[in-house]
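A.B. asks: Quick one: sequence plus predicted model below, questions after.
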Amino acid sequence: MLYPSPYRAGMSSLGFQWVLHLLREAGISAERAFLPDDLDGAKRRREGLPTYETMTPLGRFPVIGVSLAYELELAGLVQALELAGIPALRQDRGRHDPIIILGGPLTFSNPLPAAPFVDAMLLGEVEDIVADVFLAALERPYDELLDLVQRTPGGFVPARQGDALPAIAKASDQRLPARGPTLAPEAELSDMFLIEGERGCHRQCTFCVMRRSTNGGMRLVSADQVLNFVPEEAKRVGLVGAAISDHPELPALLERIVASGREVGVSSLRADRVALKPDIARLLRAGGYKTLTVASDAASQRLRRTMSKGTTEAHLLTVAERARQFDYKVVKVYMMLGVPDEGDEDIDELITFTKEMAKIHPVALGVAPFVPKRNTPMVNDPFAGIKVVEQRIDRLQRGLAGAAELRPTSARWAWVEWRLAQGGSATGLAVRAAVAGGLSFAAWKQALEAADPEPTPTAPPRRSLPISPA
Ligand code: SF4
């Protein structure tokens, strides 16, 4: 199982750990490989890419499963294969090379740029299918494996199906919850036992791949079930789920974990839940949290409504009050800039409102440019453009000076993410060219524009959008 990012990121991925567990449970001797922390050094020393367990070169394995979390990790996939001495392009591999099967969070949206590098993909929730497909890859002739993948829900064979992605798979209820068998000391979430408290989301935010329509909404795991799986030695428990704070038993579950003397974390928090259920903020603080993190997702109330994001200013102000009440260091609010129909007045509203929040408690804004994703109603909306996003970040920075901390992510890398998020299988060749060019922004730009010369759309003219109830 290859994770095309360094160890600490891979071992913080519940999906990666879970699939590893499922394969081992099916009797497959599965090992792990990660992109080295010091990739250049590994190349210079000609170390190849050995597995974590037995230091066996990755290229000696008959089958490689890859988990891709997000678009920019596509470069890591190419780098890992090249480091391992495996031809990155499927068309350059022979029958003695490993068969490569891809899955992971990116398959919920757009995995097509990975198509030139892999033999098969398993899209979506793979619990019911992954062991059968890997056993077939180990035991059956290549064509029979591809036949099986094509017949399997969520199975995709790029060489046969072109760019026509099938619907993603949905695992049966009995397979839940995903849980991490391994406590990984050097992972991002070290010493933390990860377990799903729920899967999916019942809400409808129009920009989000995890919205209700993707896989039928939210599936709950009971508090008792979660606690039964927590190993005695776990010092910290991480509750995972796109909408974990909507779990009706969350306060009770947190209470029991904290009472057992463990630290606790959650993968995401809705501002309305933190506002309406004060126990959540209280228990997370008791469970080791120092930062209270929520998402507001858009600069103004008007934009939040257009994107069906139910968070209101009243919720966010109450979150700041909870942070003060329970002595958090800071409130962190994630949001996107450059969403359709956004204008300077939305940024000004954000500045005024953030100052209001900061009067209650210190605030840090985590700002990411909006990137439209496949499998969402906003797929056809434009990327605002690097210049527009940078201008808005600048306006925000000047407006907030000294009042709140601003942590923006790069508009340039968001542009790369956007091109990959919208791309087809041909875009994969651009990824390879960008890797060959050293992965600078200029290398990405040249490669992506050569693969798809369509000019970069900039923010469209302002238009009136229907306002849906929050
Ligand atoms: S943004 Fe959050 S609340 Fe909205 S649909 Fe996605 S997971 Fe659900």
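C.D. replies: Nice, thanks for sending it over.
A.B. asks: The ligand contacts on the stretch 301-450 of the chain?
C.D. replies: Residues of the stretch 301-450 of the chain found near the ligand, taking Cβ under 6 Å from any ligand atom as the criterion, are absent altogether. Any C-beta I mention is one placed from the backbone N, CA and C, and that applies to glycine too.
A.B. asks: now the strands for the stretch 301-450 of the chain?
C.D. replies: 330-337, 363-369, 405-408 (DSSP state E, counting those that start in this stretch).
A.B. asks: and of those, who's closest to residue 201?
C.D. replies: Relative to residue 201, the nearest member of the strands of the stretch 301-450 of the chain by Cβ to Cβ is strand 330-337, separated by 15.7 Å.
A.B. asks: Direction included, what does the closest one pair against?
C.D. replies: With DSSP bridges as the test, strand 330-337 is paired with strand 291-297 (parallel), strand 363-369 (parallel).
A.B. asks: List the contacts of the residue most central in space within the chain.
C.D. replies: Residue closest to the mean C-alpha point of the chain, counted by Cα atoms, centre = their mean, is residue 69 at 5.1 Å. Contacts here follow Cβ atoms under 8 Å, 6 or more residues apart in numbering; on that basis residue 69 touches 5, 13, 104, 105, 106.
A.B. asks: Show the contacting residues for the residue nearest to residue 154 when sequence neighbours are not counted.
C.D. replies: Closest residue in space to residue 154, ignoring its immediate chain neighbours: residue 169 at 2.8 Å, by Cβ to Cβ, 6 or more residues apart in numbering. By Cβ under 8 Å, 6+ apart, residue 169 lies in contact with 122, 123, 124, 125, 126, 128, 129, 152, 153, 154, 155.
A.B. asks: Please narrow the residues you listed to those residing in helices.
C.D. replies: Assignment to helices by DSSP state H places none of the contacts of residue 169 there.
A.B. asks: Go through the residues you listed and give me the one with the most neighbours.
C.D. replies: residue 126 (30 neighbours; other Cβ atoms under 10 Å).
A.B. asks: Per-residue confidence, that one, what does it come out as?
C.D. replies: The per-residue pLDDT reported for residue 126 equals 97.
A.B. asks: how about it, what does it touch?
C.D. replies: 19, 103, 154, 169, 171.
A.B. asks: Which of those residues fall in helices?
C.D. replies: Going by DSSP H, the helices hold residue 19 from the contacts of residue 126.
A.B. asks: Report how many residues lie close to residue 286.
C.D. replies: When neighbours are defined as other Cβ under 10 Å, residue 286 has 17 of them.
A.B. asks: what's the nearest residue to it if we skip its chain neighbours?
C.D. replies: Excluding the flanking residues, the one nearest residue 286 by Cβ to Cβ, 6+ apart is residue 258, at 4.9 Å.
A.B. asks: Surely the one you found and residue 252 touch.
C.D. replies: No. Proximity of residue 258 to residue 252 does not meet the contact threshold set by Cβ atoms under 8 Å, at 11.0 Å.
A.B. asks: Compare those two and say which is more crowded by neighbours.
C.D. replies: Ranked by neighbour count (other Cβ under 10 Å), residue 258 and residue 252 place residue 258 first, with 19 against 14.
A.B. asks: for the residue nearest to residue 154, which residues make a bridge with it?
C.D. replies: residue 124.
A.B. asks: pLDDT at it, what is it?
C.D. replies: According to the model's per-residue confidence, residue 169 sits at a pLDDT of 96.
A.B. asks: okay, now whichever residue of the stretch 351-470 of the chain sits closest to the ligand: neighbour count?
C.D. replies: Closest approach of the stretch 351-470 of the chain to the ligand (Cβ to the nearest ligand atom) occurs at residue 376, with a separation of 9.2 Å. Using other Cβ under 10 Å, residue 376 is surrounded by 19 other residues.
A.B. asks: residue contacts, it?
C.D. replies: Each residue near residue 376 by Cβ under 8 Å, 6+ apart is listed here: 109, 206, 207, 208, 209, 211.
A.B. asks: Test for you: state the pLDDT assigned to it.
C.D. replies: Looking at residue 376, its pLDDT stands at 95.
A.B. asks: Please report how far it lies from residue 233.
C.D. replies: Between residue 376 and residue 233 the distance is 40 Å, computed by Cβ to Cβ, to the nearest Å.
A.B. asks: before we move on, back to that, near the ligand, from the contacts of residue 376?
C.D. replies: Counting by Cβ under 6 Å from any ligand atom, the members of these near the ligand are 208, 211.
A.B. asks: would you turn the contacts of residue 376 into TSV with pLDDT, neighbour count and secondary structure?
C.D. replies: Supplementary listing: these in TSV, determined by pLDDT from 0 to 100; neighbours: other Cβ atoms under 10 Å; DSSP: H, G, I helix; E, B strand; the rest coil:
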residue	pLDDT	neighbour count	secondary structure
109	96	21	coil
206	96	17	coil
207	96	22	coil
208	96	22	coil
209	95	20	coil
211	93	22	coil
